[in-house]
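Colleague: Got a predicted model here, sequence first, then my questions.
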Amino acid sequence: MNQPKVRMWAKFVLSPKSGKTPKYVLTDACGWVDELKDLVGRDGYISLYLCQKREGQPSDAPSMYLQAKCSLNLTGLKDLFVDGFMSNYAWGNPPKAVTYGTKKPRLNPLVKYVADGFLFVFHYDYEIKIGEAVRPLSFELLWLEGAGLMISQHCKSLQMGSYDDILKKCRDEAITYLTRV
């Protein structure tokens, strides 16, 4: 399987200002997607919240998802839980709907990227917990162009080390957006 083009790599770090819902702030990135400027919050940073599936969501919905500014559900985190335990890897897809939100509908800034896919690498400190669950200290997002239909297979390749060189290159070439959280 050919590896798709990396549209962007980003590192998000747990904010010490996190409340009950863990908040992760973009600290480093390699590559850029202009539409992400629409996700910049009042504090001037791009933040994502690691949320648990809500009551009433479909049974096939992932148990965790990432939410951005104005309640944009960035993606469900598929395969984050394996045999009841959090894994270090997950995958997802950009939101497909043209608008989001029911009270005040907004245009989805990522709608033109629906054919893309996301890979995630989670980093844990097993001492930090959300209730009984371990809270990740940080995660890396690898945004792959045109990989939406095969993203689960790319996640397996990531787990087997096929993306190690790409991740190293992205980490080495990353620009720091936030020096401290």
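Modeller: Cool, got the structure.
Colleague: Now do the same contact list for the residue nearest in space to the middle of the chain.
Modeller: Note on the chain: the residue nearest the mean C-alpha position is Leu141, at 5.3 Å, using C-alpha atoms, centre = their mean. Applying C-beta atoms under 8 Å, 6 or more residues apart in numbering, we find Leu141 in contact with Met8, Trp9, Ala10, Lys11, Phe12, Phe118, Leu119, Phe120. From N, CA and C alone the C-beta is placed, and that goes for glycine too.
Colleague: which one of those residues has the most neighbours?
Modeller: Phe118 (28 neighbours; other C-beta atoms under 10 Å).
Colleague: For the host helix or strand of that one, the averaged confidence score.
Modeller: Counting by DSSP states H and E, the element that carries Phe118 is strand 117-130. Averaged across strand 117-130, pLDDT comes to 82.
Colleague: before we move on, what about stretch 60-72?
Modeller: 89.
Colleague: from the middle of its chain, how far away would it be?
Modeller: 9 Å (C-alpha atoms, centre = their mean, to the nearest Å).
Colleague: Quick one: residues in contact with it.
Modeller: Counting by C-beta under 8 Å, 6+ apart, 38-41, 46-53, 73-78, 80-81, 90, 92, 95, 100-101, 106, 108-110 sit against stretch 60-72.
Colleague: re earlier: measure the residue nearest to the centre of the chain to Ala174 for me?
Modeller: 12 Å (C-beta to C-beta, to the nearest Å).
Colleague: Find residues that contact each of those two.
Modeller: Trp9, Lys11.
Colleague: Just the buried positions in stretch 135-149, please.
Modeller: Of the residues in stretch 135-149, Arg135, Pro136, Leu137, Ser138, Phe139, Glu140, Leu141, Leu142, Trp143, Leu144, Ala147, Gly148 count as buried by neighbour count, 16 or more other C-beta atoms under 10 Å.
Colleague: Which residues are in contact with the closest residue to Leu144 other than its chain neighbours?
Modeller: In space, and not counting its chain neighbours, Leu144 is closest to Pro4: 4.5 Å by C-beta to C-beta, 6 or more residues apart in numbering. By C-beta under 8 Å, 6+ apart, the residues touching Pro4 are Gly117, Leu144, Glu145, Gly146, Ala147, His154.
Colleague: and Lys53, what pLDDT?
Modeller: pLDDT recorded at Lys53 is 80.
Colleague: From Lys104, how far out is the nearest residue to it once chain neighbours are set aside?
Modeller: Distance criterion C-beta to C-beta, 6+ apart; nearest residue to Lys53, sequence neighbours excluded, is Ser63 at 4.9 Å. Distance, Ser63 to Lys104, by C-beta to C-beta: 27 Å.
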